[in-house]
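Student: Return atomic coordinates for the entry below.
(chains A and B)
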Number of protein chains: 2
Amino acid sequence: MYRIPFEELHRQLTAVLARLGFARDRAELCALLFAETTRDGVYTHGVARLPRFVAMIRNGNVDVAAEPQLVTRFGAIERWDGRRGPGNLNALFCMGRAMELGREHGVSCVALGNTNHWMRGGTYGWQAAEAGLVGICWTNTLPNLPPWGGVDPVIGNNPLVVSVPRASGPVVLDMAMSQFSYGALESYRRRGEPLPIPGGFDAEGKLTRDAAAIEATQRPLPTGYWKGSGLSMVLDMVGAMTGFGLATFQLGKDPLQESRTSQVFVVIDPKAFGDAARQAEIVDGIVESVQRCTPAEEGRPVRYPGEKTLATREENMRLGVPVAEELWAEIVAMGGA
Amino acid sequence: MYRIPFEELHRQLTAVLARLGFARDRAELCALLFAETTRDGVYTHGVARLPRFVAMIRNGNVDVAAEPQLVTRFGAIERWDGRRGPGNLNALFCMGRAMELGREHGVSCVALGNTNHWMRGGTYGWQAAEAGLVGICWTNTLPNLPPWGGVDPVIGNNPLVVSVPRASGPVVLDMAMSQFSYGALESYRRRGEPLPIPGGFDAEGKLTRDAAAIEATQRPLPTGYWKGSGLSMVLDMVGAMTGFGLATFQLGKDPLQESRTSQVFVVIDPKAFGDAARQAEIVDGIVESVQRCTPAEEGRPVRYPGEKTLATREENMRLGVPVAEELWAEIVAMGGA
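Tutor: Numbering: from 1, shown residues only, chains lettered A, B, ... in the order given. Model prediction:
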């Protein structure tokens, strides 16, 4: 694992994207989102995703030049066609629109269809919260998860993001509807460790902590069993019926063809509801009540969602951003710098 | 268990509430919400809750005459003070306001503070979906759940409701942030059955399917472990910072004192986004894709959230609504009819 200075990582990623046909400013912004995700410690959804992203540019699913196009506007809502542009740029743009509309109307909803993988969902939660707004957004995905009571993967792990502004560090929840991603299962298997909790079914249909057994059956568990299974369905419905991209069942099972997905961005402006000082006290009070909770394991205090991020960010800015050696070599070769 | 004709149940409940000081029209409406919840098969949150509701009228936490009062209005949002009125009437009213604002602006957000237990959250999801609207609402609760990684109950099981309109039966998700409620644990213990999945921690801090062991430790599991734990926190934050009711940590642990809670009602009007016929196709397509999934157990098809409700409703309208004999005697005595 290399530790690459953040600016160097950003520069190299920008060069890669520029060579793939991105306009200069879009290459810089798209590269920044990849670099920031890894810098913030979400290693599965940052630069590690670049090779798949590049493959989807090359196979025609991601159109590097496409910008979202307004389809409908009414009151506090807008619907945009993502035109199969880069998923992170489309999502950043639509959360930006939702933020403008949210400030204007107190609440807003922007739906986005025909887009691509947004990479780290938390990015758009941070975007809203750092501007003092509550952000709620989600995406559908390809069918990668059996619903509760079923064995075929017909629902998506449809991540849901909810973020809350807070002066000393936003609270950002970014949760997928599978208890463990395939990436997480793989990493437990490689380390030879059992999952900390049951994560899916084995060949006998029994709940198991054996990651390899779950990879074999392709039956990971929905978050909260029947609950995450149901939540995945309604998020898919609201996404596809407002964004008019594909629904999960219309997407194939090949991740390299996961394109034309549907996303929703809701923003609530707390300032519209009342006194900001009291709101800050409420949020800090909730954080402190959680931090005061007796830990189940001594020395491991209870955390709020997103709590680790700022410390990881600081460390990676100081020491350099961790990038696997092979991946770094690939990036440098692709950038041709 | 008696089977009480729905109209008879409604009449008796109305009589009880009228004797407790409700104005006639409010008694009828409040009674209807209790009766409909039991009729729809949500037995834990319907007439079975009446004794606690009555106790909270008598101890002064529920003011039968209080109606919500507008505090702030801006664009597509409103904030209402529930003035400790009956929780179901307050919530029904605020979802109604969110529906009006949602039709006007495409999306809306109504926050409600100082309210009481809304009984069945799904009620307000059905309310929106039956009017052709997407409803998203949640409430905070008293601290009844240890967060992931902690042992003290400092977070609430904060139910979240998401509903989607559908001609042949709305899709209504109504999920609390604890995997099993205390009511569910009690019912497994009484039947002497193990939970179908681990539901909390035993005295050794190990995950267990033994309901009695979890009741003893008071450590039920958040829905999806760390995920539902985090979702509970952000729902509490957004609720308390927009509704300006109490946050979970400000509520005591006595259910008879669970008053002045905070709720949020978001409505999205699908018609604002595009063609209704295509939207209906999308939602039906998602439902059918789930129903086509191979069941894990033969003969037990995968269901969508709320699927059982219409059949249960029909059966209970036909055969009468199940009410425990002692409870029915109590209702009749209180109604004095």
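
Student: Which pLDDT value goes with the nearest residue to A:Gly335 once chain neighbours are set aside?
Tutor: Spatially, and ignoring its direct neighbours in sequence, A:Gly335 is nearest to A:Ala15 (3.5 Å; CB to CB, 6 or more residues apart in numbering or on different chains). In short, each C-beta sits where N, CA and C put it, glycine included. pLDDT, A:Ala15: 97.

Student: now do the one 4 residues further on
Tutor: At A:Arg19 the predicted local distance difference test score is 97.

Student: Show me the strands in chain A, by range?
Tutor: Along chain A, counting by DSSP state E, strands occupy A:2-4, A:69-74, A:77-81, A:107-116, A:134-139, A:160-164, A:171-175, A:200-201, A:207-208, A:259-268, A:321-323.

Student: Could you give the average pLDDT over the second one?
Tutor: This points to strand A:69-74. Mean pLDDT, strand A:69-74: 98.

Student: Check stretch A:319-327 too.
Tutor: 98.

Student: Would you mark the buried spots in that stretch?
Tutor: Neighbour-count burial for stretch A:319-327 flags A:320-323 (criterion: 16 or more other CB atoms under 10 Å in any protein chain shown).

Student: any idea which of the residues you listed is closest to chain B?
Tutor: The closest of those to chain B turns out to be A:Pro322 (CB to the nearest CB; 22.9 Å).

Student: I'd like to know how many residues surround the closest residue in space to that closest one that isn't next to it in sequence.
Tutor: Of all residues beyond its chain neighbours, the one nearest A:Pro322 is A:Met1 (5.0 Å), with distances taken as CB to CB, 6+ apart. For A:Met1, the count of nearby residues is 10 (other CB atoms under 10 Å in any protein chain shown).

Student: for A:Met1, what are its contacts?
Tutor: A:322-325 (CB atoms under 8 Å, 6 or more residues apart in numbering or on different chains).

Student: from those, which single one is nearest B:Asp284?
Tutor: Closest approach to B:Asp284 among the contacts of A:Met1 (CB to CB): A:Ala324, at 44.5 Å.

Student: State the distance from the closest one to A:Phe34.
Tutor: 14 Å (CB to CB, to the nearest Å).

Student: And A:Arg209, by the same measure?
Tutor: Relative to A:Phe34, A:Arg209 is positioned 33 Å away (CB to CB).

Student: looking at chain A, which residue ends up farthest from its center?
Tutor: A:Glu204 (32.7 Å; CA atoms, centre = their mean).

Student: And the pLDDT for A:Tyr182?
Tutor: On the pLDDT scale, A:Tyr182 gets 88.

Student: Over to A:Val47?
Tutor: For A:Val47, the predicted pLDDT is 97.

Student: So for it, what's the nearest residue that isn't a sequence neighbour?
Tutor: Distances taken as CB to CB, 6+ apart place A:Thr38 nearest to A:Val47, at 4.8 Å, with adjacent residues excluded.

Student: Repeat that for A:His45.
Tutor: A:Arg120 (4.1 Å).

Student: For the stretch 1-150 of chain A, what lies in contact range of chain B?
Tutor: Neighbours of chain B within the stretch 1-150 of chain A, by CB under 8 Å from any CB of the partner chain: A:71-72, A:74-77, A:79, A:104-109, A:111, A:134, A:146-150.

Student: Can you pull out the low-pLDDT segments for the stretch 151-300 of chain A?
Tutor: Counting by pLDDT under 70, not a single residue of the stretch 151-300 of chain A qualifies.

Student: And the helices in it, which stretches?
Tutor: In the stretch 151-300 of chain A, the segments counted as helices under DSSP state H, counting those that start in this stretch are A:182-191, A:211-217, A:226-243, A:276-291.

Student: Grab the CA positions of the longest one and hand them over as PDB.
Tutor: Output for helix A:226-243, consisting of C-alpha atoms alone and laid out as PDB, is shown next (Å, rounded to 0.1, in the frame of the first residue of the first chain):
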ATOM      1  CA  TRP A 226     -37.600  -8.300   6.300                       C
ATOM      2  CA  LYS A 227     -37.100  -4.600   7.200                       C
ATOM      3  CA  GLY A 228     -34.200  -3.800   4.800                       C
ATOM      4  CA  SER A 229     -35.800  -6.000   2.200                       C
ATOM      5  CA  GLY A 230     -39.000  -3.900   2.300                       C
ATOM      6  CA  LEU A 231     -37.100  -0.600   2.500                       C
ATOM      7  CA  SER A 232     -35.100  -1.600  -0.600                       C
ATOM      8  CA  MET A 233     -38.400  -2.200  -2.500                       C
ATOM      9  CA  VAL A 234     -40.000   1.200  -1.600                       C
ATOM     10  CA  LEU A 235     -36.800   3.100  -2.300                       C
ATOM     11  CA  ASP A 236     -36.600   1.500  -5.800                       C
ATOM     12  CA  MET A 237     -40.300   2.300  -6.400                       C
ATOM     13  CA  VAL A 238     -40.000   6.000  -5.400                       C
ATOM     14  CA  GLY A 239     -36.700   6.300  -7.300                       C
ATOM     15  CA  ALA A 240     -38.000   4.800 -10.600                       C
ATOM     16  CA  MET A 241     -41.400   6.500 -10.500                       C
ATOM     17  CA  THR A 242     -40.000  10.000 -10.000                       C
ATOM     18  CA  GLY A 243     -36.600   9.700 -11.800                       C
END
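
Student: State the distance from the residue nearest to A:Pro322 to chain B.
Tutor: Distance, A:Met1 to chain B, using CB to the nearest CB, to the nearest Å: 26 Å.

Student: circling back: just give me the neighbour total for the residue nearest to A:Gly335.
Tutor: A:Ala15 - counted by other CB under 10 Å - has 18 other residues nearby.

Student: That one is in contact with A:Glu28, isn't it?
Tutor: No - here A:Ala15 lies out of contact with A:Glu28, judged by CB atoms under 8 Å, at a distance of 10.2 Å.

Student: Leaving out chain neighbours, which residue sits closest to A:Ile57?
Tutor: A:Leu20 (5.4 Å).
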